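*Asks:* turn this into a structure:
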Amino acid sequence: MIESQYFPSISYYKTLINHSILQIERYEHYQKLSYRNRCYIAGPNGTILLSVPLTKGKNQRTIMKDVRISNEEKWQALHWKTLVSAYRRSPWFEYYEEDLQGLFEQPHQFLLDWNMACFEWANRVMGYDCTPTFTDRFEKQVDPASEITDARDQLKPGEREQNWEGPEYTQVFQDRTGFLTNLSILDLLFNEGKRSLTLLKSSGQAEQ
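*Replies:* Numbering: from 1, shown residues only. Model (predicted):
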């Protein structure tokens, strides 16, 4: 059981590949400053934050499934422009470009719907077979007898670099910035393409 994220972090995927069944939390209260509406990519001067603007989602009492996106500004166009600028020289960007641009042209009203669209896109191009289900109520604590791993809120943006043991790969601006740890899955996909899932699985096995 885990929360939904906007183009999830690499650590998110490393958590998932060790489990056969995935359940997405949708009845939690929205949490500020989390991966739920933000992701991090690599730029020439370091990490770049992409944040989905929200309306009522800024209020932590809002249930995640009801958090609405603020579409007053053309944030999708801005995010896409930033991705093109950051990754147009990466080995696999051109391969995914047309398909991903189409995703960023699809309007969404709810954050959970947008996150799931991004998650499904990444899974499809990576070859990760995953059909998640959703929670039907909120449980603060999971019954230990249920054998469910509660991974909710275990991954926080402020802890991106702590205890990083992810896959090793070459990033676009690594010669300038050094290796930037635990970015969005997009960074891995644009740099490693079809090897991404293999790298995730092999790094997970190395830890076990």
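*Asks:* rest of the way, CA atoms for contacts and neighbours
*Replies:* OK.
*Asks:* quick one, helices of this structure?
*Replies:* For the chain, applying DSSP state H gives helices covering 10-16, 75-87, 93-104, 111-126, 174-177, 185-192, 196-207.
*Asks:* of the ones you listed, flag the one that's most buried.
*Replies:* Among the helices of the chain, the stretch with the highest mean neighbour count (mean count of other C-alpha atoms under 10 Å) is helix 185-192, at a mean of 23.
*Asks:* quick one: list the elements packing against that helix.
*Replies:* Using 3 or more C-alpha pairs under 8 Å, 6 or more residues apart in numbering; DSSP states H and E, the elements in contact with helix 185-192 are helix 10-16, strand 38-43, helix 93-104, helix 111-126.
*Asks:* can you give me the end-to-end distance of stretch 66-73?
*Replies:* 20 Å (C-alpha to C-alpha, to the nearest Å).
*Asks:* other residues contacting it?
*Replies:* 30, 52, 53, 54, 55, 56, 57, 108, 109, 110, 111, 112 (C-alpha atoms under 8 Å, 6 or more residues apart in numbering).
*Asks:* ChimeraX command to pick out the buried ones of those residues?
*Replies:* This is the ChimeraX syntax for the buried subset of those, where burial follows 16 or more other C-alpha atoms under 10 Å:
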select :30,52,53,54,57,108,110,111,112
